[in-house]
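*Asks:* The sequence and its predicted three-dimensional model are supplied below.
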Amino acid sequence: MEYNDIRALLNKYWACESTEAEEAELRVFYAGHEGTLPADLQEAAPLFRYYHDCSDIPEMPELFTDRPAPWDEPQRTGIIRSITQGWMKYAAAVLVAAGMLYSADSFRDKRTSEDLAFRDTFSDPKLAYQQTQRALQLLSKNLNRGKSQMEKIALFNEAKDLVTGKN
């Protein structure tokens with residue numbers, strides 16, 4: 001085949017107007033030509049040699065032919081539910097009920113503890129007064145212990161100020 005015919009076929013190929021038979025001619029030409037080619041024909045040589053080499057590879061076998069494609073199956077009209085959906089709603093209802101019982105029980109416990117806190121524990125007012133005095137003395141004693149520690153810190157701060165010369 002002459003170079004001018006190959007050039008015409010290449011122009012048709014690059015314009016996407018060639019047929020499969022013309023493309024096969026180009027593959028055969030480039031595969032069988034072993035000499036040097038003109039520069040304008042040489043740039044397409046690797047492409048058509050590759051196409052020629054790949055034509056020997058058998059086609060890929062059809063995969064997954066043992067079952068029909070999803071779009072070929074008849075459409076089902078029913079709703080498909082998983083196995084867990086049936087009992088999940090009952091489990092959720094049980095959890096909500098358990099939470100409500102727990103919160104009601106804790107509310108009842110809190111209310112009874114508040115009632116105990118405000119109920120008068122002593123029937124004898126003199127005994128109640130003595131118990132209150134004893135509790136306040138204990139509180140005062142502990143507060144005074146903290147006050148003595150604070151006096152030591154104040155003494156330390158005064159000494160520090162004397163040493164640094166701030167006063």
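*Replies:* Cool, the structure landed. This one's a predicted model, so the numbers in the text were calculated from it and none came from an experiment. Residues are numbered from 1 along each chain as shown.

*Asks:* Using PDB, write out the CA atom coordinates for stretch 8-24.
*Replies:* The C-alpha atoms that make up stretch 8-24 are tabulated as PDB, following Å, rounded to 0.1, in the frame of the first residue of the first chain:
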ATOM      1  CA  ALA A   8      -5.700   9.400   3.700                       C
ATOM      2  CA  LEU A   9      -6.700   6.500   6.000                       C
ATOM      3  CA  LEU A  10      -5.000   8.200   8.900                       C
ATOM      4  CA  ASN A  11      -6.800  11.500   8.200                       C
ATOM      5  CA  LYS A  12     -10.100   9.600   8.200                       C
ATOM      6  CA  TYR A  13      -9.100   7.900  11.400                       C
ATOM      7  CA  TRP A  14      -8.200  11.100  13.200                       C
ATOM      8  CA  ALA A  15     -11.400  12.700  12.000                       C
ATOM      9  CA  CYS A  16     -13.400   9.700  13.400                       C
ATOM     10  CA  GLU A  17     -14.800   8.800  10.000                       C
ATOM     11  CA  SER A  18     -13.000   5.500   9.300                       C
ATOM     12  CA  THR A  19     -14.700   2.100   9.300                       C
ATOM     13  CA  GLU A  20     -13.500  -1.000  11.100                       C
ATOM     14  CA  ALA A  21     -12.100  -2.400   7.900                       C
ATOM     15  CA  GLU A  22     -10.000   0.700   7.300                       C
ATOM     16  CA  GLU A  23      -8.700   0.600  10.800                       C
ATOM     17  CA  ALA A  24      -7.800  -3.100  10.300                       C
END
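
*Asks:* Any buried residues in that stretch, and which?
*Replies:* Of all the residues in stretch 8-24, those buried under the rule 16 or more other CB atoms under 10 Å are 9-10, 13, 18. All C-beta spots, glycine's among them, are computed from the backbone N, C-alpha and C.

*Asks:* so after the helix or strand hosting A98, what's the next helix or strand?
*Replies:* With elements taken from DSSP states H and E, the one containing A98 is helix 83-118. For helix 83-118, the following helix or strand on the C-terminal side (DSSP H and E) is helix 125-164.

*Asks:* quick revisit: any chance of JSON lines for the buried residues of stretch 8-24, columns distance to V163, pLDDT and secondary structure?
*Replies:* As requested, the buried residues of stretch 8-24 are exported to JSON lines (distance: CB to CB, whole Å; pLDDT from 0 to 100; DSSP: H, G, I helix; E, B strand; the rest coil):
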{"residue": "L9", "distance to V163": "105", "pLDDT": "87", "secondary structure": "helix"}
{"residue": "L10", "distance to V163": "101", "pLDDT": "87", "secondary structure": "helix"}
{"residue": "Y13", "distance to V163": "100", "pLDDT": "87", "secondary structure": "helix"}
{"residue": "S18", "distance to V163": "103", "pLDDT": "86", "secondary structure": "coil"}
